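# Next one to model:
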Amino acid sequence: MLKLDDCVIENGNFTLNADIQIEVGNSIAIVGPSGAGKSTLLETIAGFRDLKKGQIFWSGQQISNLHPGKRPMAMLFQDGNLFPHLTAEQNIALGLRPNGRLSADEDAQVQSALGRVSLHGMGARKPSELSGGQQSRVALARVLVQRRELLLLDEPFAALGPALKAEMLDLVADLVAETQTTLLMVSHDPQDARRIADQTVLVADETVHAPVQTAELFDNPPPSLRAYLG
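The predicted structure is shown next:
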């Protein structure tokens, strides 16, 4: 279970309060108005932002005092953060070792990850030689090889067209189901949430609200979400 226990997060003059629990293996969408704190929430869970108050627990262990690299999670940002001078294989290898020097077993993991995201045979290509969708697959493969229990997505497919974005969301859904990974995904699109998220967390009015069933939330949105959705 992921537990944010009486947490207060500050970002400049902005304050976000979170006191929620998320069950292991769930796929959770995080939605809310622009500037409400969705990305701030993910950054705090991942360890890139400190808590002002409270604690974060994973499976009963406090993780809020751990360095980001020591936390049981991987995060995929909006731009994918691929290095343009490295090949797809080398970019993925960074998920295993910062220096990219892999053992034979680790290299096999990279090749397996390429296959799982349907990029078999494209490992020698650099990002400039790949389409936007293929670049997204490389970034996803890099977090897959880390084999973390919790996957955080901060709208990594927002720049893709509707059909390609749907394809990537379906791929994520298949992979997290296969590995029983817990997924937290920031999205501004209700259809993304409906497509792959069992439950949805609303971030609004300086509060991270408890997760509810996705269909229930969007069929009967509270005033703050209704105003955002129009």
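# now Ala177: how far from Glu206?
Ala177 sits 33 Å away from Glu206, taking CB to CB, to the nearest Å as the criterion. Backbone N, C-alpha and C define where each C-beta goes, glycine included.
# meant to ask about Pro156, not that
Counting by CB to CB - Pro156 and Glu206 are separated by 26 Å.
# And for Ala18, the neighbour number?
Per other CB atoms under 10 Å, the neighbour tally for Ala18 reads 24.
# How about Val145?
What Val145 shows, counting by other CB under 10 Å, is a neighbour count of 21.
# wait, what's in contact with it?
Ile92, Ala93, Gly95, Leu96, Gln109, Val110, Ala113 (CB atoms under 8 Å, 6 or more residues apart in numbering).
# Can you tell me the closest non-neighbouring residue to it?
Gly95 (4.4 Å; CB to CB, 6 or more residues apart in numbering).
# Repeat that for Lys38.
Val186 (4.5 Å).
# again, but for Ser224
Ala204 (3.9 Å).
# what does Phe218 give?
In space, Phe218 is closest to Pro190, 5.2 Å off (CB to CB, 6+ apart).
# One more: Met75?
According to CB to CB, 6+ apart, the nearest residue to Met75 is Leu152 (4.2 Å).
# Okay, and Ile9 sits in which element?
Using DSSP states H and E, the element containing Ile9 is strand 2-11.
# tell me the mean pLDDT for that strand?
Averaging pLDDT along strand 2-11 yields 96.
# Same question for stretch 91-106.
Mean predicted confidence for stretch 91-106 is 87.
# which residues are in contact with it?
74, 82-83, 86, 90, 107, 109-110, 113-114, 123, 127, 138-139, 141-146.
# Tell me if I am right that Ile92 is in a strand.
No - Ile92 is assigned helix when assessed by DSSP: H, G, I helix; E, B strand; the rest coil, not a strand.
# picking up where we left off before, for Ala93, see how far away the residue nearest to Lys38 is.
Taking CB to CB, one finds Val186 at 27 Å from Ala93.
# likewise Pro221?
In terms of CB to CB, Pro221 sits 43 Å off from Ala93.
# Leu51 - how many residues pack around it?
Neighbourhood size, Leu51 [other CB under 10 Å]: 19.
# and Ser136, what element?
Counting by DSSP H and E, Ser136 is part of helix 132-144.
# And the next helix or strand past that helix?
Next along the chain from helix 132-144, counting by DSSP H and E, comes strand 150-154.
# on contacts alone, who are the packing partners of that following strand?
The contact analysis (3 or more CB pairs under 8 Å, 6 or more residues apart in numbering; DSSP states H and E) places strand 150-154 against helix 38-46, strand 73-76, helix 162-179, strand 182-186.
# Tell me what angle the first one forms with strand 182-186.
Yep, that's helix 38-46 we're talking about. If you take axes from the mean of the first three to the mean of the last three CA atoms, to 10 degrees, helix 38-46 sits at 150 degrees to strand 182-186.
# The helix or strand that helix 38-46 is followed by pairs with which strands?
Per DSSP H and E, helix 38-46 leads on to strand 51-58 as the next helix or strand towards the C-terminus. The partner list of strand 51-58 in its sheet, established with DSSP bridges, is strand 2-11 (antiparallel), strand 61-62 (antiparallel).
# how does the chain divide into domains?
1-72+155-230, 83-147 (automatic domain parsing).
# what's the helix-or-strand element of the chain with minimal mean pLDDT packed up against?
Least confident helix or strand, the chain: helix 223-229 with a mean of 85, by mean pLDDT, DSSP states H and E. The elements that helix 223-229 packs onto, with contact taken as 3+ CB pairs under 8 Å, 6+ apart, are strand 199-204.
# Thanks a lot, catch you later.
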